Structure formats: structure tokens, C-alpha cells
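>>> give me a 3D structure for the following:
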Amino acid sequence: MRVGVFICHCGNNIAGTIDVARVAEETRKIPGVAYATTYMYTCSEPGQNEIKEAITREGLDRVVVAACSPRMHELTFRRTVEKAGLNRYFFEMANIREHISWIGENKDLNTLKATEAVRMAVAKVMQDKPLYSTSFKVNKRVLVIGGGVAGMQAALDCADGGLEVLLVEKSPSVGGMMARLDKTFPTIDCSICILGPKMVDVAQHDKITLHAYSEIEEIKGYVGNYQIKIRKKATYVDWSKCTGCGACMEKCPSKNSYDAFNFGVAPTRAINIPFPQAIPKKAKIDPNYCRQFVKGKCGVCAKICPTNAIDYEMKDEIITEDIGAIIVATGYSLIDMDKLPEYGGGRYPDVISGAQYERLLNASGPTSGHIVRPSDHMEPKTIAFISCAGSRDKSIGIPYCSNFCCMYIAKQAILTKDHIPDSQSYVFYMDIRSPGKGYDEFTRRAQEEYGAKYIRGRVSRIYPKGNKMVVRGSDTLLGAQVEVEADLVVLGTAVVSTPDAAHMAEKLHISYDTFGFYVESHPKLRPVETNTSGVFLAGACQGPKDIPASVGQGSAAASKVQALFSKDMLESDPAVARVNMNTCVGCLKCLKTCPFGAIKEKELRDGRVVADVIETVCAGCGVCTSTCPCGAIQLQHFTDNQLLAEVNAICRK
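Residues are numbered from 1 along each chain as shown. Next up, the predicted model:
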């Protein structure tokens, strides 16, 4: 066996704290190593050519590259050795950058550690066996979860590319958060005016099937061949008959239903259409407030509906669909104001969130665009905006910036002046974060043209004083305590992940961070892909994003799906678990622990029941291998013998 080892300088990333020449010298002494050299940038085209030439020239049958993380370039080097005639699984990568160079300062110790890492990789590659992929057909239908602006953009791009799209939205209408906005920054154009045409396109596109007021019940399968179950929740209105005339809303006697679309700014009817431009524009009954459900008598909407669309006996419906790829665009939520007691959120009616204020500004909102105080419906003259209300606050577990709060507060200050010319806006801020195109100019405009007074400092307390709300804080630029008596206080509340984000991640078999946002495969090189093949991310489900970034990511996810579906056949990864039927005792502990549902029961001819791996579903995580009490399951390319070879190499004196 002849092993070739290629050690990368990576500029000074590796060579700055590791003596790569010495590592190469020590590597040549390892039994089985026929060739060892260094190269400045092994991942470059000349570096890859050097590997291919050395394989031919030196007669190498195994290759080790000591460089960066396998997440970065393992696939690149596998392709390289394959082009030189070797099986792509006769390659191993030793991570001497992230694991050694970047975390250690002692060059001698780093060099020793790098040599040991290479020795481990050599020991493993000598145990590697050739593995081969299998091909399978692709179902060229795509599921988009979430009907916000990112999800709609992804759906439209996929559909325009000729793909059949299923768009599932948990709310009664598509549009997401953007549909609730009055204007958008920094152009101050009408939000629904630019979003509305997209919503109509989604509804009318012959390649898009919209399932509104629906949720994903179950996801099974693998890339190219997913089986999903969709729960179509009962609306108690037959949408095939409903014309959206609104007669039921006008006559409904129950007027205290919580209005989720308007963030509870004002109550609504028990049967309602969320907003005038809703897609689909269909009515829905809230059974928690409808008198027919609560008291067992009413039926007014059923009596006056001209199309007999009301159905009080309607039940949830489960439908099953087959698709090939999934785009996740489930969006974001806002922190509950009850978690901000120092600001009086949830206790004082005149302390509201930025989202609620947005609905007061909106002409289709509960006040028809008139700004009023919730407590007495009087027009406020002094409005205090509090930025970072929950954001960048480690004490409540949100240390991150919510991305767009500074901008929408500036927008709302501008719009407030337009609505109430004699008003005065105060903005308490920590830092103004406005890095986008035209963003900084926009915040300056709020101050210089519209007279918004920006106070740099955190607010410590908000409390009532007569019919005013006193905002007490500090001005760090003046070095003094300040108090502002405001008629209305608007909190720029923190952006958080959706409440069911973790549950959805488990269904999708994708990762999420400590804050509930979904984790991309690589933050720079694969920003819309996940570590589960065939599942892509779009929009704020990955982290706080403004509208342009969400739209761009929706299109990026669609392009990845188009690339995936450009082939009629896909290749499976052969690095999966396999069961030795002769040693399996049929305890099926692996079946219970497999997070991907890749293991099933199999009855042999002699009547024994054993475990069997569905190779196309298996993700190669290795959980079953560590669970098996008799070692009957081995993960290909990471077998016990291969791992023990690495252990023996590192333990060698």
C-alpha cells in the first residue's frame, strides 16, 4: 500500500503556527507513506493537479490531505483523487487548521499535534475500503413551507422554472410579516402594494398548489423522494364555496375574538377574513370565540351566507404528497412583551410593540391608519421609541442583534410625523445599525428632516404618571439621566424564532442553534443549504433578515432546487450503516434510536427477525452503531477497525 500525504500551508493560516516542512519530514517516516510533500494552497487548481500528478508518478493508492476542515474541501479532494483513477473513498483529510493552527500558539506543540493528526489519518486511510454510490430517481416536485415573502419568492422562482410546487402556509393567508407592514424602508413605499402582486401570482400560477391554514404533520423519506403529510386545519367554512363577500363578518354578533393578524391591537369578529388583500380571500371561524361552539347556539353566519359555505361539523383533513426537495421559509416571531417587565409591556395599555404600532399606521388596520392611544383612543403628541427591547440582552438569553429594528423605528418616526405633523418622536437607542444600501441616509433623514430626537442610552424603567408614560433612561452622550413624558411608548421588540421551530427541525432532520434558528451547512459557502440533502433554507427562519435579504435568499434556495433537479437520477452516499445479519440478535434497539427512520425489521428465511438499513434514508450519523449491543451494525467508512486504527496510531509512543 502506497500512501501520499499532502500538507497545506494555507498561506499563514497553517504555516504561521505549524512547521509544515517538519510535519512532512516526520510523515515520511510513517510505515506505508510513500510520498509526503507540502504545498502553499492545496485546494487551488495547481494544488489539485499536483495531487493527480503525484498519484500517477508515485503509484499512490491512498491519499491524505492535511489542511482545513473536511466541511470545506473534502468533496473537492474526493473528486480530485477520483479523476486520477482512485476510488473517492481512498481519501482522508486531517484538519490541522481549525483543530490545531487556529487554537494553539506554541509552534512546537502545534507541529507535534499536526504530525499526530496526520499519523491518525494515514492509519485510517490504510483501512479504507472502496465504496460505490447507487443511483435513484428524483421526484421533481418541491415543497415550500411558509408563505411569507421569502417562501413566495422561492415558490414563484421554482414554478417559473417549470417545477410543480406545494406551498404550505399555517396562517389563513400568505404574506407573512410583510403583509402586516404599512410602508417599507428606506423607500417608504406601500408594503402591500409591492407584495400584493406576488400574492396574486402565487394564487394564480398553474404550477403552484397553495395549502393555506395548513401545517406539516409528518415528513419521511430522503432527497428526491420525500413523503409528507399535510394537516389542513378546519376553518368551518367551505373554501370551495366561500366568495369572500364578507357578509358573515358584518352580521357576526361575537366581536371579541383575538385578532392575530393585527397583533391584538383591537378585537375582531369570530368569523373573519384577516385583511382585504388576503390570498386566499376566504373566511375562517375561530371556535374559541364563536357562540355556536362556545354556547351551542347562534348560527347567524350560516343563515346569511349566500353560498351555504358555513360548515360547523368540519374536521381537520390529512393529505399525503410525494415531493423531491423542501424549502423551509417559516419566518420569525417577536419576543413576548411580558418578558420585559421593566418596560411595562403587557401591563400598561399605552406601551405597545413596534408590530402593533405598524397596524395603527396601516390604512387597513383596526384604526384605519389613525394613530391613537389604546387606553383612551386620543391622538398622541409625544411618542417614545425604545430600540433593542430584548435584543442584545444576555440576561434574557438574546445576546444577538435583531437586524432591522433600528431601521423600522426610523421609518415609524418618519411616518408618525406625516400622520401627526405637530408630534414629537424620541428614540432611545444603544447603537444605530444601518449597514444596507441607503439605510444610514434614511436614519439621518428621520433626525434631520423629521425632527426625531435620538437619545443614546438604555431605558431603565417605564411607569405611568397621570395620563402620561414616563420613560426613564440615560443619555450616554450627555452623561446624564433623562426622563421623557410620552403619550405613547413603542418597543422595538427582539426578533426570535417561531415557537414551533425546534419541532419542525426534528421533522426535517435539520440542525438549529441555541436560539431556535435553523443552521445552514456552511455560513459562507453554503448559506441556504442544510446538512440534510434536499432541504434548503430561505428568509428569517435562519436568523433575523430584512425584506431584500429574505427575497434574495428565497431565489437562492430556488436555484439550488433547480440545480438538484437538473438531473433525472441522483447518487446516494455509500457511507451508511450496514447490518451483519449473522450477528444481529434482533433486539431492534437501533430501530428505536435512529433519528431518520432509516431502519426497519426484516424477517429472514429461517424466521429470525433482524434489523435492516434503508440505505437511501440513512444519513450516516452512527447513532445505531453506538447503540447496537453486539456490534452487528457498522458505519461504512467509519467502521470499528478504522476508528481503532486511528486510536492505535495516536497512542503509539
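>>> pop the domain breakdown of the protein in here.
Using automatic domain parsing, the domain ranges for the chain come out as 3-127, 141-224+320-331+500-564, 234-315, 333-496, 577-636.
>>> need the winner for burial among the ones you listed.
Highest mean neighbour count among those (mean count of other Cβ atoms under 10 Å): domain 141-224+320-331+500-564, with a mean of 21. Just so you know, the C-beta spots here come from the backbone N, C-alpha and C atoms, and that holds for glycine as well.
>>> how far away is residue 75 from residue 9?
21 Å (Cβ to Cβ, to the nearest Å).
>>> sorry, slip of the keys, the one I care about is residue 133.
33 Å.
>>> same deal with residue 59?
Taking Cβ to Cβ, one finds residue 59 at 26 Å from residue 9.
>>> swap in residue 250?
From residue 250 to residue 9 the distance is 75 Å (Cβ to Cβ).
>>> what of residue 255?
From residue 255 over to residue 9 (counting by Cβ to Cβ), the distance is 72 Å.
>>> then residue 88?
Residue 88 sits 25 Å away from residue 9, going by Cβ to Cβ.
>>> cool, and residue 95?
From residue 95 to residue 9 the distance is 15 Å (Cβ to Cβ).
>>> then residue 571?
Separation of residue 571 from residue 9 (Cβ to Cβ): 33 Å.
>>> check residue 632 too.
Taken as Cβ to Cβ, the span from residue 632 to residue 9 is 44 Å.
>>> ranges for the helices of the stretch 51-200 of the chain?
With DSSP state H, counting those that start in this stretch as the criterion, the stretch 51-200 of the chain has helices at 70-83, 107-125, 149-160, 191-204.
>>> can you put those in JSON lines and add distance to residue 585 and mean pLDDT?
Output for those, formatted as JSON lines (distance: least, Cβ to Cβ, whole Å; pLDDT from 0 to 100):
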{"stretch": "helix 70-83", "distance to residue 585": "34", "mean pLDDT": "92"}
{"stretch": "helix 107-125", "distance to residue 585": "29", "mean pLDDT": "96"}
{"stretch": "helix 149-160", "distance to residue 585": "47", "mean pLDDT": "98"}
{"stretch": "helix 191-204", "distance to residue 585": "53", "mean pLDDT": "96"}
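>>> looking at the ones you listed, which is closest to residue 275?
helix 191-204 (8.0 Å; Cβ to Cβ).
>>> put the alpha carbons of the very next helix or strand once past that closest one into CSV.
Scanning forward in sequence from helix 191-204 by DSSP states H and E, the next helix or strand is strand 208-212. Extracted in CSV, the C-alpha atoms of strand 208-212 (Å, rounded to 0.1, in the frame of the first residue of the first chain):
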residue,chain,number,x,y,z
ILE,A,208,-48.3,26.2,-7.5
THR,A,209,-50.7,24.5,-5.3
LEU,A,210,-51.5,26.6,-2.2
HIS,A,211,-52.4,25.0,1.1
ALA,A,212,-53.3,27.9,3.5
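>>> pairing partners for strand 208-212, with directions?
strand 164-169 (parallel) (DSSP bridges).
>>> quick one: mean pLDDT over the strand it pairs with.
Averaging the model's pLDDT scores along strand 164-169 yields 98.
>>> what's the angle from it to helix 191-204?
When axes from the mean of the first three to the mean of the last three Cα atoms, to 10 degrees is applied, the directions of strand 164-169 and helix 191-204 differ by 130 degrees.
>>> okay, the angle between strand 164-169 and helix 149-160?
Going by the same axes, to 10 degrees, strand 164-169 makes 160 degrees with helix 149-160.
>>> name the helix or strand for residue 49, please.
helix 45-58.
>>> can you spell out which helices and strands pack onto that helix?
Packing partners of helix 45-58 (3 or more Cβ pairs under 8 Å, 6 or more residues apart in numbering; DSSP states H and E): strand 3-8, strand 33-39, strand 62-67, helix 70-83.
>>> how about the ones you listed in TSV, adding distance to residue 306?
Shown next, in TSV, are these (distance: least, Cβ to Cβ, whole Å):
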stretch	distance to residue 306
strand 3-8	74
strand 33-39	77
strand 62-67	71
helix 70-83	60
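>>> about what we covered before: out of the domains of the chain, which comes closest to residue 645?
That would be domain 3-127 among the domains of the chain, by Cβ to Cβ, at 4.2 Å.
>>> need the distance between the two termini of that closest one.
End-to-end span of domain 3-127 (Cα to Cα, to the nearest Å): 12 Å.
>>> how near is residue 534 to residue 337?
38 Å.
>>> please apply the same query to residue 475.
Residue 475 is 24 Å from residue 337, where distance means Cβ to Cβ.
>>> repeat for residue 470
Taken as Cβ to Cβ, the span from residue 470 to residue 337 is 18 Å.
>>> so for stretch 89-106, mean pLDDT?
On average, stretch 89-106 scores 95.
>>> using PDB, list the CA coordinates for that stretch.
Extracted C-alpha coordinates of stretch 89-106, given in PDB (Å, rounded to 0.1, in the frame of the first residue of the first chain):
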ATOM      1  CA  TYR A  89     -13.200   6.900  -0.500                       C
ATOM      2  CA  PHE A  90      -9.500   6.100  -0.600                       C
ATOM      3  CA  PHE A  91      -9.000   9.700   0.600                       C
ATOM      4  CA  GLU A  92      -8.800  11.100   4.100                       C
ATOM      5  CA  MET A  93      -8.500  14.600   5.400                       C
ATOM      6  CA  ALA A  94      -6.600  15.700   8.600                       C
ATOM      7  CA  ASN A  95      -7.900  19.000  10.000                       C
ATOM      8  CA  ILE A  96      -4.800  20.800  11.100                       C
ATOM      9  CA  ARG A  97      -6.200  24.300  10.700                       C
ATOM     10  CA  GLU A  98      -9.300  24.600  12.800                       C
ATOM     11  CA  HIS A  99      -8.300  21.800  15.200                       C
ATOM     12  CA  ILE A 100      -4.700  22.900  15.700                       C
ATOM     13  CA  SER A 101      -3.300  26.000  14.000                       C
ATOM     14  CA  TRP A 102      -6.100  28.400  14.900                       C
ATOM     15  CA  ILE A 103      -6.400  27.300  18.500                       C
ATOM     16  CA  GLY A 104      -2.800  26.900  19.500                       C
ATOM     17  CA  GLU A 105       0.100  29.400  19.800                       C
ATOM     18  CA  ASN A 106       3.100  27.200  20.600                       C
END
